[in-house]
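Asker: Predicted coordinates and the sequence they were generated for:
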Amino acid sequence: MACIELRDLSKAFGTVEAVRGLSLEVKSGECLALLGPSGCGKTTTLNMVAGFLSPDRGEILFDGRPVTALPPHRRNAGMVFQSYALFPHLTVLENVEFGLRARGQPREARSARARDVLQLVRLGGLEDRYPRTLSGGQQQRVALARALAIQPAVLLLDEPFSNLDAKLRQEMRLEVREIQQRVGITTLFVTHDQEEALTIADRVAVLNQGLLQQVGLPQEIYARPRTIFVARFMGDANLLPGRIVGRDADGLILEVRAGTHLRAATGDAAPGASATAVVRPEKIRLRATPSPGANALPVRIKRVTYLGAHHQVHCVAGDHLLTVFCPGDAPPPSPAEPWIAEWAPADCIVVEGTEETA
């Protein structure tokens, strides 16, 4: 399978820069998620890779071969659209055969190939059905089968689960991931859903306003965000702005207000720089007294919400607001009592700047 390489890719629509100097590589056989909010440039990037849009600047390569100037049908890329784009007047089998017929394959060969791919996506026996008679999940699998039938070098997925209900969305994530791994095809997958990206992708690339913010393993993106945007976008995060006042054997020392210091094992900010401590809610513990060596802030509980697997606890620590996840199978902390919110320096990540300067 081919790798995909983007070199300094840029695209503007009028005065709006949708993609700005994007350089990225999708390794052979890898599934990489382009993740970001609406308008961040991820679908524009996918359309440039597919050949539906031409970049203003930059280069696109498949397996080291420039494809920037090639039309879509000569790039050997299979694409699954957000709307599935099935032909309503064609049967399931005819939909899957469509790309093969356009390539001039004889009837028997394309029928055999289409039936094999339908078996792969667990739709054998539905060859003569029409799209309108299928469920959303079945329609999605037909669209995936059609993309795979042509034996593409790369697979492109544009928000493929957005039209499904929550339960079916979860099921289809796992199914598409299993098929992608079984086929071993290089896949570029666009989504605005953090959980989808974490579930499906080998690596995640986070975009914001056309710029690449961070790329890495799902665990790295979540646990070690490099920017305030990534920290916020990848899930619930407590942000404590302050100033770097030193470094010791345990890491950076961040002053979040006069006399209140936090230690962070991870971060590259220089002494004197404005910075923000990032702490995930599940890493914080509420205790009556602080533990030795932990970061600790006295807090007052404002609200406790039961969410099944955990209690979501909203706290106030001076002028800082904190969210803490406590186990759902234990009694919730009482708002009437004083508490200490504490977490280990290893669970405290420092990123440069603050939300005001970001």
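Answerer: Received the coordinates, thanks.
Asker: Helices along this protein, start to end?
Answerer: 42-50, 92-102, 107-120, 136-149, 166-183, 194-200, 218-223, 228-233 (DSSP state H).
Asker: Can you give me the end-to-end span of stretch 270-278?
Answerer: 17 Å (Cα to Cα, to the nearest Å).
Asker: Give the buried residues for it.
Answerer: Residues of stretch 270-278 classed as buried: Ala275, Thr276, Ala277, Val278 (neighbour count, 16 or more other Cβ atoms under 10 Å). Every residue, glycine included, has its C-beta placed from N, CA and C.
Asker: With stretch 214-221 instead?
Answerer: Quick answer for stretch 214-221 (16+ other Cβ under 10 Å): Gln214, Val215, Gly216, Pro218, Ile221.
Asker: close enough to count as contact, the first one and Val230?
Answerer: So that's Gln214. Yes: using Cβ atoms under 8 Å, Gln214 is in contact with Val230, at 5.0 Å.
Asker: Find residues that contact each of the two.
Answerer: Val206, Ile221 (Cβ atoms under 8 Å, 6 or more residues apart in numbering).
Asker: one step back: dump the buried residues of stretch 270-278 into a markdown table; add pLDDT as well.
Answerer: Shown next, in a markdown table, are those (pLDDT from 0 to 100):
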| residue | pLDDT |
| --- | --- |
| Ala275 | 94 |
| Thr276 | 94 |
| Ala277 | 94 |
| Val278 | 95 |
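Asker: ok, back up a step: which of the helices of the chain comes out lowest on mean pLDDT?
Answerer: Note on the helices of the chain: lowest mean pLDDT is at helix 166-183, with a mean of 89.
Asker: that older thread, and which of the buried residues of stretch 270-278 is nearest to Leu156?
Answerer: Using Cβ to Cβ, Val278 comes nearest to Leu156 of the buried residues of stretch 270-278, at 32.3 Å.
Asker: can you pull out the strands in the stretch 151-300 of the chain?
Answerer: 154-158, 186-191, 203-208, 211-216, 238-248, 251-257, 260-264, 274-279, 285-287, 295-306 (DSSP state E, counting those that start in this stretch).
Asker: how much does the fourth one deviate in direction from helix 42-50?
Answerer: The directions of strand 211-216 and helix 42-50 differ by 80 degrees, with axes from the mean of the first three to the mean of the last three Cα atoms, to 10 degrees as the criterion.
Asker: Okay, now stretch 116-136: how far is its last residue from its first?
Answerer: End-to-end distance (Cα to Cα), stretch 116-136: 21 Å.
Asker: what about this structure, any weak spots by pLDDT?
Answerer: Regions of the chain meeting the criterion pLDDT under 70 cover residues 1, 356-358.
Asker: Spatially central residue in it, please.
Answerer: Ala197 (3.4 Å; Cα atoms, centre = their mean).
Asker: hang on, it packs against Leu35?
Answerer: Yes: using Cβ under 8 Å, Ala197 is in contact with Leu35, at 4.4 Å.
Asker: Quickly list what's touching both of these two.
Answerer: Contacts common to Ala197 and Leu35, judged by Cβ under 8 Å, 6+ apart, are Thr191, Val204.
Asker: roughly how far apart are the residue nearest to the centre of the chain and Cys31?
Answerer: 10 Å (Cβ to Cβ, to the nearest Å).
Asker: which residues are in contact with both of these two?
Answerer: By Cβ under 8 Å, 6+ apart, the residues touching both Ala197 and Cys31 are Phe189.
Asker: which residues does Leu155 bridge with?
Answerer: Per DSSP bridges, residues listed as beta-bridge partners of Leu155: Gly78, Thr187.
Asker: unless I'm mixing things up, it is touching Gln180, no?
Answerer: Yes: counting by Cβ under 8 Å, Leu155 does reach Gln180; the two are 7.1 Å apart.
Asker: any shared contact partners between these two?
Answerer: Thr187.
Asker: can you tell me which residues contact the residue nearest to the centre of the chain?
Answerer: Counting by Cβ under 8 Å, 6+ apart, Ala197 has contacts Ala33, Leu35, Phe189, Thr191, Val204, Pro218.
Asker: which one of the buried residues of stretch 214-221 is nearest Pro72?
Answerer: Val215 (25.5 Å).
Asker: Would you check that that closest one makes contact with Ala205?
Answerer: Yes: at 4.2 Å, Val215 and Ala205 qualify as touching, with contact defined as Cβ under 8 Å.
Asker: between those two, what contacts are shared?
Answerer: Leu24.
Asker: Endpoint to endpoint, stretch 222-235 covers what distance?
Answerer: With Cα to Cα, one end of stretch 222-235 sits 8 Å from the other.
Asker: again with stretch 261-277
Answerer: OK, stretch 261-277 end separation, Cα to Cα: 11 Å.
Asker: cool, stretch 275-294 as well?
Answerer: 20 Å.
Asker: Quick check: buried residues in it?
Answerer: Those would be 275-286, 294, for stretch 275-294 by 16+ other Cβ under 10 Å.
Asker: Could you identify the most distant pair in those residues?
Answerer: Taking Cβ to Cβ, no two of the buried residues of stretch 275-294 sit farther apart than Ala275 and Leu286, at 25.1 Å.
Asker: Good, we can wrap up now.
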